[in-house]
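Engineer: Provided below are the primary sequence and the corresponding predicted coordinates.
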Amino acid sequence: MSKSCIDLILERRSIRRYRGEAIPEEVLMKILEAGRRSPSAANRQPWHFVVVTDEGLKAKLASGRYNRFIREAAAVIVGVALPYDSVSRRWAVVDVTIAMQSMVLAAWVQGVGSCWIGDFREGEVKRLLGIPDEARVIALLTLGIPAETPPLRPKRRLEEIVHHNQW
């Protein structure tokens, strides 16, 4: 019996160890398509995604304290916000984040692991990848075939975080 989408979402884990295998092109395209089709404020779609598969570029992106596993990933998606009007300027960070989370879920349901990375120097990433000065790098997302099955991390109980009708 196959798992439901909600079961897969609830089982998703951040993956930091990968097998070193390439992601099939059709799988990668579905991941990117999930990002492209994500909702955005007033449908402004202020996002751009730089897909990094070059070993040398990945090594340079992996220069932080907590992101060295970038080298093992089959690909890194760099989520970039490039707002162009008042609506997209206000909501671009949220919109790109939503799109990247859609990619995380699309990856997982296809057997591809991922990990959000906030450990990067924006100026260096922009210079390295030719990202325009006026754009903002929101996050990096590693992708690859998992070589680990991390345990479920503790999460706060619903009763602690959900409020009905008022705080």
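Structural biologist: Alright, I've got the coordinates. Since we're looking at a predicted model, the values are computed, not measured.

Engineer: C-terminal to the longest strand along the chain, what's the next element?
Structural biologist: In the chain, with assignment by DSSP state E, the single longest strand is strand 136-144. Later in the chain than strand 136-144, the nearest helix or strand by DSSP states H and E is helix 158-161.

Engineer: Pull the distance from that next one to the chain's centre.
Structural biologist: 26 Å (CA atoms, centre = their mean, to the nearest Å).

Engineer: Report the mean per-residue pLDDT for it.
Structural biologist: Here helix 158-161 scores 97 as its mean pLDDT.

Engineer: what comes into contact with that helix?
Structural biologist: Taking CB atoms under 8 Å, 6 or more residues apart in numbering as the criterion, no residue outside helix 158-161 touches it. No exception for glycine: its C-beta is placed from N, CA and C like everyone else's.

Engineer: Helices of the protein, start to end?
Structural biologist: Along the chain, the stretches classed as helices by DSSP state H are 5-11, 25-36, 55-61, 86-109, 122-129, 158-161.

Engineer: so can I have CSV of those showing mean neighbour count and distance to Trp167?
Structural biologist: As requested, the helices of the chain are exported to CSV (neighbours: other CB atoms under 10 Å; distance: least, CB to CB, whole Å):
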stretch, mean neighbour count, distance to Trp167
helix 5-11, 11, 26
helix 25-36, 16, 33
helix 55-61, 15, 41
helix 86-109, 19, 22
helix 122-129, 15, 35
helix 158-161, 7, 11
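
Engineer: Take these and write them to CSV, including distance to Arg19.
Structural biologist: Conversion of those to CSV gives the following (distance: least, CB to CB, whole Å):
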stretch, distance to Arg19
helix 5-11, 19
helix 25-36, 14
helix 55-61, 15
helix 86-109, 14
helix 122-129, 25
helix 158-161, 35
